[in-house]
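In: whatever this is, show me its structure:
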Amino acid sequence: MTVKSPLQPDSKSPEITPKSAELDSESPELSLKPLELDPVPQPNFGCFIRGIQRLNLQSTIAWHLQDGSALGRTLDDIERLAQELKSDTETAAPFPDIEGEPGFYAPFWIYPIAESLCALGWVQQRRAAERLGTSMSENVADLSKAAQSYMTAAKTYPLDEEERPFSLYMAFEILCRAKFPLRLSLPICRQIKDAMAAADVIWDGTRLSLETETKVANCRRAIAFLEDCEKKIAAGSLTLDDVVSPVFVRGL
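Out: As a prediction, the model looks like this:
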């Protein structure tokens, strides 16, 4: 018995000629028109870019803390990145009714602005530390700006976000360093107390990192400082014009 190779042409198979292999441009079954794709929605692309900007800002600060003012990681570079993130977010048009979707609105509109403000406050604080002992007036000006940046950031965060009291604490600490009177620092302590009460509803018992626990402990110290000062003011041993720097506040 002879077995025919599968590669051997079959006499019953139609012969494929160059002519039959050509595409008939007039055939209704075939279309050579280019495939039309829907354009990428610009708001979606902007959200992607802001996500990258947030990560870049955080990593640049981390590199600065590790290596100092290396090329591309100076305080000026960090300030520029923070300003760009803040400006790009503020000028980005949100989707219609996007505020009704906090899981999408917060990370691409609220948090970029709040984080950029915290970064600006951090830069202003570091500049004051670098000038320590050279220009007290410039130091106070930088520290005032830093405190204001942190306070604005705190107001930007959601009411129950734990970064809200953490940012307020940074403002309180900075005012203490700059030797501002109690009439300016104690109101921030009251805001920390209210913000912690709101944040603890969600975050209390879930804070696992040492860094976060340290921030929580600082906020609780600020609340205790507030309550102690209020008692002393009521007793007449302290006034709102006094300057008091608690022992737990770090130096510059």
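In: can you give the domain ranges for this protein?
Out: Residue ranges for the domains of the chain, per automatic domain parsing: 42-156, 160-252.
In: which helix or which strand is home to Cys229?
Out: helix 210-235 (DSSP states H and E).
In: the domains of the chain: lowest mean pLDDT?
Out: With a mean of 87, domain 42-156 has the lowest mean pLDDT of the domains of the chain.
In: and the helix or strand encompassing Asp194, what does it pack against?
Out: Element membership for Asp194, per DSSP H and E: helix 182-203. In terms of contacts (3 or more C-beta pairs under 8 Å, 6 or more residues apart in numbering; DSSP states H and E), helix 182-203 is packed against helix 136-156, helix 163-177, helix 210-235. The C-beta positions use only the backbone N, C-alpha and C, and glycine is treated the same way.
In: quick one: distance of the longest one to the chain centre.
Out: How far helix 210-235 lies from its chain's middle: 26 Å, per C-alpha atoms, centre = their mean, to the nearest Å.
In: mind listing what's buried in it?
Out: Across helix 210-235, burial judged by 16 or more other C-beta atoms under 10 Å covers 215-216, 218-219, 221-223, 225-226, 229.
In: orientation of that helix relative to helix 163-177 in degrees?
Out: Taking axes from the mean of the first three to the mean of the last three C-alpha atoms, to 10 degrees, one finds that helix 210-235 is oriented at 60 degrees with respect to helix 163-177.
In: just the angle for helix 210-235 relative to helix 182-203, thanks.
Out: Interaxial angle, helix 210-235 versus helix 182-203 (the same axes, to 10 degrees): 140 degrees.
In: now the helices and strands packed on helix 182-203 in JSON lines, with distance to Gln58?
Out: Converted to JSON lines, those look like this (distance: least, C-beta to C-beta, whole Å):
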{"stretch": "helix 136-156", "distance to Gln58": "14"}
{"stretch": "helix 163-177", "distance to Gln58": "13"}
{"stretch": "helix 210-235", "distance to Gln58": "13"}
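In: now do Ile78 against Glu90, distance only.
Out: Ile78 sits 19 Å away from Glu90, going by C-beta to C-beta, to the nearest Å.
In: hmm, I typed the wrong one, I wanted Leu55.
Out: According to C-beta to C-beta, Leu55 and Glu90 sit 19 Å apart.
In: go on, Glu101?
Out: 19 Å.
In: check Ala128 too.
Out: From Ala128 to Glu90 the distance is 26 Å (C-beta to C-beta).
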